[in-house]
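A.B. asks: 3D, please:
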Amino acid sequence: MRSELKEPIGRLIKGPSSETIPRLRAYLDDRKTSLFAVVGDVASENILESGLEPDIVVVDHRVMRKDIDPIDLGERHQIRSRNLPGTVDVDAWAALEKAITLKSKASVIVEGEEDLLVLPLISLMPLGSIIVYGQPRQGMVVVEVTKKMKGWAEEFLSRMEMR
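C.D. replies: Next comes the predicted model:
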């Protein structure tokens, strides 16, 4: 199943953050989004530093499987969670649900790995929401939560073993 996730699951915006952030800003300006979430430390740091304010930020203080210093999340409600690499733990799912319920200024700080948490976000967030995550060495991926995307994510998640 890992090979299915190697390719971006949304719209890839290629380039360094100096190019991708303005394009993301324009993309968001053209839409009325229900919620805006970002997954990953580098993407989150770049987006927050640009002045964009995601409703939900999901980080694990790791980049390319190496520990990093925690990024500045600002004044956000922090929810701690556990999620083993290569999984979607029940604890992480519950943390994402709580962040979505808060609707704004929530950070989910994951002990473990946050990579796959884009999938439950797609499933849990309302239609019209936007999720952004980093695509290593390429740019960032923008996922619009649609019925079709929800169906894909739920089908993918149903094939994973529950932990």
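A.B. asks: can you tell me which residue is nearest the centre of the chain?
C.D. replies: The geometric centre of the chain, computed from its C-alpha atoms, lies nearest to residue 39 (Cα atoms, centre = their mean), at 2.6 Å.
A.B. asks: beta partners for that one?
C.D. replies: Beta bridges link residue 39 to residue 58, residue 133, judged by DSSP bridges.
A.B. asks: does it touch residue 119 like I think?
C.D. replies: No: if you go by Cβ atoms under 8 Å, residue 39 and residue 119 don't touch, sitting 10.0 Å apart. Where C-beta positions appear, they are placed from N, C-alpha and C, glycine not excepted.
A.B. asks: what about the worst-scoring helix or strand of the chain on mean pLDDT, distance to the chain center?
C.D. replies: Ranked by mean pLDDT, DSSP states H and E, the weakest helix or strand in the chain is strand 66-67, scoring a mean of 86. How far strand 66-67 lies from its chain's middle: 18 Å, per Cα atoms, centre = their mean, to the nearest Å.
A.B. asks: point out where the protein drops to low pLDDT.
C.D. replies: Scanning the chain for pLDDT under 70 picks out the ranges 1-4, 161-163.
A.B. asks: show me where it has its helices.
C.D. replies: 17-29, 41-49, 90-102, 118-124, 147-159 (DSSP state H).
A.B. asks: for residue 130, find the nearest of those helices.
C.D. replies: Distance to residue 130, taken as Cβ to Cβ, is lowest for helix 17-29 among the helices of the chain, at 6.7 Å.
A.B. asks: okay, the angle between the closest one and helix 41-49?
C.D. replies: 70 degrees (axes from the mean of the first three to the mean of the last three Cα atoms, to 10 degrees).
A.B. asks: can we start the residue count at 47 from this point?
C.D. replies: Sure thing, new numbering starts at 47, so read that last one as helix 63-75.
A.B. asks: surely residue 135 and residue 142 touch.
C.D. replies: No: distance between residue 135 and residue 142: 10.6 Å, which falls outside the contact criterion (Cβ under 8 Å).
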